[in-house]
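Q: Got a sequence here, can you model it:
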Amino acid sequence: MGFLADLTLKLIYYKSDMSSVEIAETVALPFLGVVDHVLEFLKREEYIEVTQIAEQISETILKDFENESLWEKKIRKIARLLKKIVENDFPKRTIKLKIGDYKDIPTAPGAERR
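A: Prediction:
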């Protein structure tokens, strides 16, 4: 466990916002049964703190809630957090369709076709 714990700590030190899945991909080891045990060990020994994205979003919204001048900054931070969810939970590749594939789809009134 020592080597894997040290390696994981080094990764987290250099890129603190890595998800557990990204850590597993970087060390090229399976998440279930290996990386999850390493992270549990590090958490139990208080080397790391695992923060859920939903908690981060909630804290961002509630902090200085009445101060309207911070809202734009908060929205940008929430957008970054939500982007992490999308990047981690959805495939990295996208399917691109040709413009012709959209020709029979009606557009909203006032919308321009490109």
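
Q: Just the element for the spatially most central residue of the chain, please.
A: Computing the C-alpha centroid of the chain and ranking residues by Cα atoms, centre = their mean puts K84 first, at 2.1 Å. Assessed by DSSP states H and E, K84 sits inside helix 71-89.

Q: Which secondary structure elements does that helix sit against?
A: helix 53-62 (3 or more Cβ pairs under 8 Å, 6 or more residues apart in numbering; DSSP states H and E). Using the backbone N, CA and C atoms, a C-beta is placed for each residue, glycine as well.

Q: contacting residues around the helix it packs on?
A: The contact list for helix 53-62 (Cβ atoms under 8 Å, 6 or more residues apart in numbering) reads 74, 77-78, 81-82, 84-85.

Q: The residue nearest to the centre of the chain and S19 touch, don't they?
A: Yes: look at K84 against S19 with Cβ atoms under 8 Å: they come within range, at 6.9 Å.

Q: if we can go back for a sec, who touches the residue nearest to the centre of the chain in this structure?
A: If you count contacts by Cβ under 8 Å, 6+ apart, then K84 has 17, 19, 53 around it.

Q: To what extent is the last one buried, counted in neighbours?
A: Translated: I53. Residues near I53, counting by other Cβ atoms under 10 Å, number 14.

Q: Show the pLDDT at it.
A: Note for I53: predicted pLDDT of 72.

Q: next one: the first one
A: As summarised for this prediction, D17 has a pLDDT of 72.

Q: Pull out the buried positions in the lowest-mean-pLDDT helix or strand in the chain.
A: None of the helices or strands of the chain scores lower by mean pLDDT, DSSP states H and E than helix 53-62, at a mean of 75. Neighbour counts using 16 or more other Cβ atoms under 10 Å place 57, 60 of helix 53-62 among the buried residues.

Q: And for stretch 11-23?
A: 12, 18, 22-23.

Q: Just send these back as CSV, with secondary structure and distance to E40 too.
A: Shown next, in CSV, are the buried residues of stretch 11-23 (DSSP: H, G, I helix; E, B strand; the rest coil; distance: Cβ to Cβ, whole Å):
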residue, secondary structure, distance to E40
I12, helix, 14
M18, coil, 16
E22, helix, 17
I23, helix, 13
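
Q: Sounds good, over and out.
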